[in-house]
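**Q** show me the folded form of this:
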Amino acid sequence: MREVPFGQDGNYSHEAIINRINADLANDLGNLAQRSLSMIGKNLEGIVPQPGASSLPTRTSSPRRRVAARPAATRWKAADPSRAEAIWGVVAEANRYFANQAPWQLRKTDPERAATVLYVTAEVIRQIAILSQPVMPGSAGKLLDLLAIPESGRSFASLGAHAGRLAPGSTLPTPAGVFPRYVEAEEAEKSA
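**A** As a prediction, the model looks like this:
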């Protein structure tokens with residue numbers, strides 16, 4: 001949806017789509033989920049941490065605010081590309097937050113802060129996954145599975161300041177990659 005706006009002319013190229021898949025999905029959202037959830041798995045025994053005070057900007061901790069204040073039923077009307085842009089803006093902010101906070105270093109010097117960074121990142125991933133379900137239901141569902149979100153907690157009603165937040169103390173499954181990098185068959189054969 002971000003490569004060619006819905007209802008408009010655009011240039012389609014196989015290479016552009018592969019670049020979008022690898023950049024947006026594998027590198028940005030997929031890498032953020034894999035890194036943060038793996039740290040929860042490895043350093044916190046797969047238990048969602050109790051967050052402390054957060055310095056994360058409100059707009060990132062609640063991606064719904066960045067999307068639109070419209071009823072959920074109309075949120076994806078006409079496949080509005082601005083919705084995807086808003087979500088990917090939050091993904092970029094969450095990646096910057098995670099990199100700047102460096103929980104892999106904080107766990108040695110300030111474990112409570114590291115736990116907060118991991119919680120906030122996982123919560124943002126939860127909200128991104130819920131918001132992404134209309135355009136990538138299978139992959140968003142896999143992200144929600146990795147966060148142990150039940151079917152009843154996957155609707156737009158589970159978004160917002162207090163609705164449906166990750167429950168500290170809950171156990172997450174072993175993380176797995178959701179968005180592998182796309183490699184052309186010819187390139188894969190050359191690498192083998």
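**Q** what pLDDT does the model give Ser55?
**A** Looking at Ser55, its pLDDT reads 51.
**Q** got the buried residues for the helix or strand containing Leu144?
**A** Taking DSSP states H and E as the criterion, the element that holds Leu144 is helix 137-146. Residues Ser139, Ala140, Gly141, Lys142, Leu143, Leu144, Asp145, Leu146 are the ones in helix 137-146 that count as buried (16 or more other CB atoms under 10 Å). From N, CA and C alone the C-beta is placed, and that goes for glycine too.
**Q** just send the residues you listed back as CSV, with distance to Arg96 and pLDDT too.
**A** Putting the buried residues of helix 137-146 into CSV (distance: CB to CB, whole Å; pLDDT from 0 to 100) gives the following:
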residue, distance to Arg96, pLDDT
Ser139, 22, 92
Ala140, 22, 93
Gly141, 26, 96
Lys142, 24, 96
Leu143, 19, 95
Leu144, 23, 97
Asp145, 26, 97
Leu146, 22, 96
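**Q** what's next to the helix holding Leu144, contact-wise?
**A** By CB atoms under 8 Å, 6 or more residues apart in numbering, the residues outside helix 137-146 that reach it are 25, 29, 33, 37, 125-126, 128-130, 132-133, 153-154, 172-173, 175-176, 178-179.
**Q** pLDDT-wise, which helix or strand of the chain ranks last?
**A** Within the chain, confidence by mean pLDDT, DSSP states H and E is lowest for helix 63-67 among all helices and strands, at a mean of 42.
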